[in-house]
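Asks: give the three-dimensional model of this entry:
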Amino acid sequence: MRVLLTAVALLAGAVVAGPAHAAAAQIRDLRAVQGKDGFVAVTGRVVQDGKGVAKAPVGLTYVPKGRPGDSLYVPLTGDSQGRFALRHVLPHDGTWTAAYGTTSRKITSNTRYKTGFSRVKITRKGGRSVVSARLVQYVGSPIENGSWSSLKGRVKISFRKKGSKTFVSRGTFTVKGTFKKTLTGGAGTWRLRYAGGTEWLAVTADTRGTSR
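Replies: You can find the predicted model right below:
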């Protein structure tokens, strides 16, 4: 009888304790990183009990800074390790929220606009060259396509003569979009450099001139 009572007590204890509950899923390593090409990649991972949740359905929501009434929703499916990614996104400040089931995580994204040089032309005239181009910016966001437009900024122009490995500065100029400068330099390579700013990415363009 004593052995039977002991067995019943052990069984009752097991019922009271109950099974261990699984840990709640978490969204980890949520990031919005702007690459050298100017585009943004939003990445993260869904984890439960220390392991990635395979094929996790994740919803990404973007809200642009200063425009709470606008938003973009993108459904994603994670890989076998729970990782998810949205790439080649146009840069614009705002917030990204990733949601999986009842769990979510939000981050703030601070980006800079893409810049470039268009219509670059170098025309040699003996020992001098006419350097012309247009400094431009691309203003858009993840929820709307933008367009290229003129940008005001400081452009450094350098020259590396043929056979040399060193660029020599020919001056730094304040430009408003399109510019044209006549500078010393014949056969060789010209470099245009915009250093960027708090809202704009830096950009460099190398080009060779044509004689005339």
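Asks: strands paired with the lengthiest strand in the chain, and their directions?
Replies: Across the chain, the longest stretch assigned as strand under DSSP state E is strand 128-141. Applying DSSP bridges to the sheet, strand 128-141 is found paired with strand 114-125 (antiparallel), strand 144-150 (antiparallel), strand 178-184 (antiparallel).
Asks: could you give me the buried positions within the second one?
Replies: In other words, strand 144-150. Residues of strand 144-150 include none that count as buried (16 or more other Cβ atoms under 10 Å). Backbone N, C-alpha and C define where each C-beta goes, glycine included.
Asks: what do you get for stretch 58-78?
Replies: Result for stretch 58-78 [16+ other Cβ under 10 Å]: buried residues Val58, Leu60, Tyr62, Val63, Pro64, Leu72, Leu76, Gly78.
Asks: for that stretch, what is the distance to the chain centroid?
Replies: 16 Å (Cα atoms, centre = their mean, to the nearest Å).
Asks: coming back round to it: just the strands paired with strand 128-141: most buried one?
Replies: Compared across the strands paired with strand 128-141, strand 114-125 shows the largest average neighbour count, a mean of 16 (mean count of other Cβ atoms under 10 Å).
Asks: the closest residue to Thr166 other than its chain neighbours and Ala187, how far apart?
Replies: Distances taken as Cβ to Cβ, 6 or more residues apart in numbering place Arg160 nearest to Thr166, at 6.3 Å, with adjacent residues excluded. Computed with Cβ to Cβ, to the nearest Å, the distance linking Arg160 and Ala187 is 10 Å.
Asks: ok, these two, which is more surrounded?
Replies: Arg160 (17 against 13; other Cβ atoms under 10 Å).
Asks: distance check, Val63 against Glu144.
Replies: Separation of Val63 from Glu144 (Cβ to Cβ): 13 Å.
Asks: follow-up on the earlier one: is the residue nearest to Thr166 within a helix or a strand, and which one?
Replies: strand 152-161 (DSSP states H and E).
Asks: and that strand, which residues are buried?
Replies: Those would be Gly153, Val155, Lys156, Ile157, Ser158, Phe159, Arg160, for strand 152-161 by 16+ other Cβ under 10 Å.
Asks: in its sheet, what does it sit against?
Replies: strand 168-176 (antiparallel), strand 188-194 (antiparallel).
Asks: okay, these, which one's buried deepest?
Replies: By mean count of other Cβ under 10 Å, the strands paired with strand 152-161 have strand 188-194 as the most buried, with a mean of 20.
Asks: tell me the mean pLDDT over it?
Replies: Average pLDDT, strand 188-194: 95.
Asks: for the residue nearest to His92 when sequence neighbours are not counted, list each beta-bridge partner.
Replies: Using Cβ to Cβ, 6+ apart and skipping residues adjacent in sequence, the residue nearest His92 is Ser141, 3.5 Å away. Following DSSP bridges, Ser141 is listed with bridge partners Glu144.
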